[in-house]
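S.K.: Sharing a model prediction with you, sequence too.
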Amino acid sequence: MIKKATFLTSNSDYRKCPTPNKPEFAFIGRSNVGKSSLINMLTNNKSLAKISGKPGKTQLINHFEADGKWFIVDLPGYGFAQVSKTLKSDWEKMIKGYLTNRENLQATFVLIDSRLDPQKKDLEFILWCAQNGVPIVLVFTKADKLSVSKVKGNIQKFMATSKTIFEEAPLYFVTSSATAVGREELTDFMRQLTEE
Ligand code: GTP
Ligand code: MG
């Protein structure tokens, strides 16, 4: 478990982000999928990243430091219908610039709502990641909202639908920010990636 996490900076440009001198983990996914909630769950700090019932809460690249050894990054979501074209292209520039240029990025966690059938926006985004050499790990969120068997069924559907995108099926985790399911698994994985 992560013992202590602190907020560092909010940026719209990857070039202004903190000096890349620690392994970094980014969290991305559709607006409202639970990125900020997951970061708070992982760090055991309910007020670290800002959460909202309304989509579009996180607007910038937010850096947090965890236990003095990792950077954790909360990113703004995609697929929020009420957003103008200009904002959408700003988002693309900011996020795609960040994901393709941030040299200390160890893994990009792409969050998927475990309640839903495969969504076009998610498939488009992971296709972009695959085409741009951004390695991803999937995280199926909000698992407390449905039965274990329904979660499994939706994961299977997602894996089947996205099969053609990947040479190798991506690793995935199942989480709930309400019950802390998946916390140890995710942090163990982060540890394994950063400790030789
Ligand atoms: P944006 O910043 O707008 O892109 O959203 P986000 O992906 O950061 O989502 P956020 O963490 O703000 O959560 C959105 C809503 O989903 C909030 O009302 C959360 O309380 C709720 N939520 C997030 N994770 C979970 C979960 O695991 N279980 C349940 N039941 N609710 C969750
Ligand atoms: Mg957020």
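M.R.: Good, I have the coordinates. Numbers count the residues shown, from 1 in each chain. Ligands and ions are numbered 1, 2, ... in the order given.
S.K.: for the most centrally placed residue in the chain, helix, strand, or coil?
M.R.: In the chain, the C-alpha nearest the mean C-alpha coordinate belongs to Phe27, at 2.1 Å (C-alpha atoms, centre = their mean). In three-state terms, and counting by DSSP: H, G, I helix; E, B strand; the rest coil, Phe27 is strand.
S.K.: residues from the chain in reach of ligand 1?
M.R.: For the chain, the residues found near ligand 1 under the criterion C-beta under 6 Å from any ligand atom are 31-37, 51-53, 55-58, 76-77, 141-142, 144-145, 176-178. Every C-beta, even on glycine, is put in place using the N, C-alpha and C of the backbone.
S.K.: buried residues in stretch 15-32?
M.R.: Using 16 or more other C-beta atoms under 10 Å as the test for burial, stretch 15-32 gives 17, 22-32.
S.K.: Give the buried subset of the residues of the chain next to ligand 1 as a PyMOL selection command.
M.R.: The following PyMOL line selects those of the residues of the chain next to ligand 1 that are buried, judged by 16+ other C-beta under 10 Å:
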select buried, resi 31+32+33+34+35+36+37+51+55+57+58+76+77+141+142+176+177
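S.K.: Now intersect the residues of the chain next to ligand 1 with the helices, please.
M.R.: Among the residues of the chain next to ligand 1, the members found in helices (DSSP state H) are 35-37.
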